[in-house]
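[1] Below are the sequence and a predicted model; questions follow.
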Amino acid sequence: MNLPARRVVVVGVTAGRGVDIPTYDVQQMVGRAGRPKYDTEGDAYVLVPRSSARRHERRVRVGEPIVSTLTRADALREHLLAAMYNGRVSNAEEMAEWYRRTFAFHQLTQQPSFEPTDWDCEHPDFDPIRYAMDDLLAWGMCKDAEDPKRRGFDLGRRYVCTRRGVIVTQMYYRPDDGYHLVRNFSELFSDDGAAEDDLQVARAYACRPTLLDQYVTEAERQVIHPAVTQACAGDRCEKAAMVALTMLKGERTPEILWSLRAGMWGDLERTLMVLRRLDAESSRWGRGEFWHILEARMKHGVPAAAVPLLRRGFRASEARKLLAEGYGVGDLDLGGVREVLVDLLGEGPVQRVFGRESNVNEGQGTVQDAGLRSAAVASGP
């Protein structure tokens, strides 16, 4: 947002566990102060750790080179696929013309060896686009418009997005993450019983590039669940799988992994929407109910048997207590059960659940919708 201010206070220059906020982001915040047309001058205060004050002062004053994100393979793939989805590119010549309009190309022209007169789709500097297209084709994000089974990028062919590519683009999801989700859950569903194994589900959910490049320190290894360590030994998804498993089981995530859990929690809704759409529109796994259960478990940290209780309107802690006492959703309609539930949970929860069902029966919604909304009130990351 373009918000001007007379005075700006930047309260920190690090994020997470001491990772520096990029210098250009700090400078952008400082630049809010004293905007033209609003003020003739402005004040900016940047709070920095005392132990590293000089380093931060130097980097904020001096700045750092700005490099186009399109120099990263993951960003180039994502933007190229979006340009294809929007109808801006379909062949090599259009891709070259599209790239000429980017900041990445401008930076390329600043290289001493650059020859602007001969740059086209046959130039060696076009190779990053060629490699990006090879990946997108291999991952099923796009296809040859005339021969969908054809693999490998060809300068003389025309390409269009597949349904999978449309989904990840519309959801602003990285193509490599989308591909790994398809691969992971296809393998999970093809293995009898694997979808009932929490560790296997956690690995399928967590093993994707944005979560894989996480080095596991020895301190972190000490707190990672032994089952994860044994199953994921040497696997880059070890740390992410641990976090996903604690979310599924409702266990406390070790403090040392909180930042990763926060990131996974923040992207939970979008990832689950991507999975639902991939299932319904592309991969055709036919697992609609699985995603409802997975969402409830990741959000509320309950076993699968507790999800029907959440749908009836019980909160996560109440559902766990009922299961521990041997009560499932099938027992709620038995004679005399309300009195037992009052003894276990108290009058309030029982009145809330059964009172809501009375309202639902009068036409105010569904038990499932009302129950999950209620459960969501008391749950969080």
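    Received it, and whenever you're ready, just let me know what you need.

[2] And the strands in the stretch 151-300 of the chain, which stretches?
    159-161 (DSSP state E, counting those that start in this stretch).

[3] how about the helices of the stretch 101-250 of the chain, start to end?
    Applying DSSP state H, counting those that start in this stretch to the stretch 101-250 of the chain gives helices spanning 103-109, 127-138, 163-170, 175-190, 198-206, 209-212, 218-223, 226-231, 238-249.

[4] between those, which has the poorest average model confidence?
    The weakest mean pLDDT among the helices of the stretch 101-250 of the chain belongs to helix 226-231, with a mean of 57.

[5] who touches stretch 171-186?
    With contact meaning Cβ atoms under 8 Å, 6 or more residues apart in numbering, stretch 171-186 is reached by 74, 77-78, 81, 135-136, 139-141, 164-165, 167-168, 203-205, 207-210, 270-271, 273-275, 277-278, 282-283, 285. All C-beta atoms are positioned from the backbone trio N, CA, C, and that covers glycine.

[6] Same list (the helices of the stretch 101-250 of the chain) but as TSV, adding mean neighbour count.
    Listed next are those as TSV, based on neighbours: other Cβ atoms under 10 Å:
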stretch	mean neighbour count
helix 103-109	15
helix 127-138	18
helix 163-170	21
helix 175-190	19
helix 198-206	23
helix 209-212	18
helix 218-223	11
helix 226-231	15
helix 238-249	24
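
[7] do you know which of the ones you listed lies nearest residue 46?
    Nearest to residue 46, of all those, is helix 103-109, at 26.6 Å by Cβ to Cβ.

[8] so how many other residues sit close to residue 42?
    Neighbouring residues of residue 42 were enumerated by other Cβ atoms under 10 Å; the total is 17.

[9] if I look at the closest residue to it other than its chain neighbours, how far off is residue 44?
    Of all residues beyond its chain neighbours, the one nearest residue 42 is residue 34 (2.2 Å), with distances taken as Cβ to Cβ, 6 or more residues apart in numbering. Residue 34 is 8 Å from residue 44, where distance means Cβ to Cβ, to the nearest Å.

[10] And the next helix or strand past the helix or strand harbouring residue 310?
    Residue 310 belongs to helix 307-312 when elements are defined using DSSP states H and E. Beyond helix 307-312 in the direction of the C-terminus, DSSP H and E gives the next helix or strand as helix 316-324.

[11] Can you give me every residue that contacts the nearest residue to residue 145 once chain neighbours are set aside?
    Excluding its sequence neighbours, the residue lying closest to residue 145 (Cβ to Cβ, 6+ apart) is residue 158, at 4.4 Å. Residues near residue 158 by Cβ under 8 Å, 6+ apart: 90-91, 144-146.

[12] Would you convert these into JSON lines that also reports neighbour count and pLDDT?
    Formatted as JSON lines, the contacts of residue 158 follow (neighbours: other Cβ atoms under 10 Å; pLDDT from 0 to 100):
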{"residue": "90", "neighbour count": "17", "pLDDT": "97"}
{"residue": "91", "neighbour count": "15", "pLDDT": "95"}
{"residue": "144", "neighbour count": "17", "pLDDT": "96"}
{"residue": "145", "neighbour count": "13", "pLDDT": "95"}
{"residue": "146", "neighbour count": "10", "pLDDT": "94"}
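
[13] Just give me the neighbour total for the closest residue to residue 106 other than its chain neighbours.
    Of all residues not flanking residue 106 in the chain, residue 68 sits nearest, at 7.9 Å (Cβ to Cβ, 6+ apart). A count of neighbours around residue 68, defined by other Cβ under 10 Å, yields 15.
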